[in-house]
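Colleague: what's the 3D shape of this:
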Amino acid sequence: MCQVVIPQTRVLSPRRWVSDPAELSRYNSRTTAGAINSSASPTDIPYGHSNAYGGLGNSGGFVAYESPTNPPPKDTIFGSIEYALSEAAKLGWGENGTPPNPNIANSWRIAANQEIPNDGRSYPWCACFVTYILSKAGTEFLKTASSQQYASFGKAVNWRGYSTLRKNDIVVFTQKADPSKGHVGFLASVDPNTKIWKIAGGNQDDNFNVTNYNEVGSNLFVREVRRNWDIPPDFDKPVTGEITTAKDGNTR
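Modeller: From the prediction side, this is the model:
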């Protein structure tokens, strides 16, 4: 009989894009008790794009995050997530109704061990998409279809000064009317002037894209920012870009 030793500190598994189901099974997920069951899908808002609007641009002294010209190393979790998102962008994520989009159905299968009959309102999939990306990156993920479960994933990022925010951090939004519901995705950038967060995620306009969200909107607000990986030095910089000083002496 072999002896299983559980280390006191987290051991990082190999990080790379994982597509072979047999290979994927090597990576252990963290299962949150009560995170998913046959009726768990209504725990998230039907439309991930709720409260979102477009047209941010570079204005008011805000400069959007720009990655270094060299790609992040794939032997890091950050690089693998970046690569997983870029590969996912090559796939079609638009909702089909019945039968469901096979990519959405696959994300549900990975996140919830559940086959879905359609990809309509009863099966919001923003959390499933986050799980899908983390699983493809070969790193730890949650077996859940609930966005709010990701509020306890990894370590909390103190985001209220914006300076500690980094690209691909997991952002959890919560509904004001019902704290059990919300949205989750990966941070692309944030504008400290307008407090608009650009989120790369699924179930946004019934698709996978980058969408703008208010930090505090009429329906959703930023609840948590989480991270479970180290940032490569070249990419360890704020996603707010540059904050300039206006003529009146106030930052903007």
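
Colleague: Got the confidence number for Pro14?
Modeller: Here the pLDDT value assigned to Pro14 is 42.

Colleague: just Trp17 next, same as before
Modeller: 46.

Colleague: pLDDT-wise, which helix or strand of this structure ranks last?
Modeller: Confidence across the helices and strands of the chain bottoms out at helix 21-24, with a mean of 44, counting by mean pLDDT, DSSP states H and E.

Colleague: could you list every residue that touches Val157?
Modeller: If you count contacts by Cβ atoms under 8 Å, 6 or more residues apart in numbering, Val157 has them with 164-166, 169, 225-227. Every C-beta, even on glycine, is put in place using the N, C-alpha and C of the backbone.

Colleague: Any idea what the closest residue to it other than its chain neighbours is bridged to?
Modeller: Take Val157 and drop its neighbours on the chain: the residue closest to it by Cβ to Cβ, 6 or more residues apart in numbering is Val225, 4.1 Å away. With DSSP bridges applied, Val225 shows beta-bridge pairing to Val171.

Colleague: sec struct for Trp197, please.
Modeller: strand (DSSP: H, G, I helix; E, B strand; the rest coil).

Colleague: after the least confident helix or strand of the chain comes which helix or strand?
Modeller: As assigned by DSSP states H and E, the chain's next helix or strand after helix 21-24 is helix 77-88.

Colleague: now that following helix: mean pLDDT?
Modeller: Mean pLDDT, helix 77-88: 95.

Colleague: ditto for stretch 91-108
Modeller: 96.

Colleague: Let's see it as CSV, backbone CA atoms only.
Modeller: Written as CSV, here are the backbone C-alpha positions of stretch 91-108 (Å, rounded to 0.1, in the frame of the first residue of the first chain):
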residue,chain,number,x,y,z
LEU,A,91,-14.8,28.5,-30.2
GLY,A,92,-18.4,29.4,-30.6
TRP,A,93,-20.2,30.2,-27.4
GLY,A,94,-23.5,31.6,-28.6
GLU,A,95,-26.6,30.1,-26.9
ASN,A,96,-28.5,27.7,-29.2
GLY,A,97,-31.5,27.0,-27.0
THR,A,98,-32.4,23.3,-27.6
PRO,A,99,-30.1,21.4,-28.1
PRO,A,100,-27.6,23.4,-26.2
ASN,A,101,-24.3,24.8,-27.6
PRO,A,102,-21.9,21.9,-27.1
ASN,A,103,-19.3,24.2,-25.6
ILE,A,104,-21.7,25.5,-23.0
ALA,A,105,-22.9,21.9,-22.4
ASN,A,106,-19.3,20.8,-21.9
SER,A,107,-18.7,23.6,-19.4
TRP,A,108,-21.7,22.4,-17.4
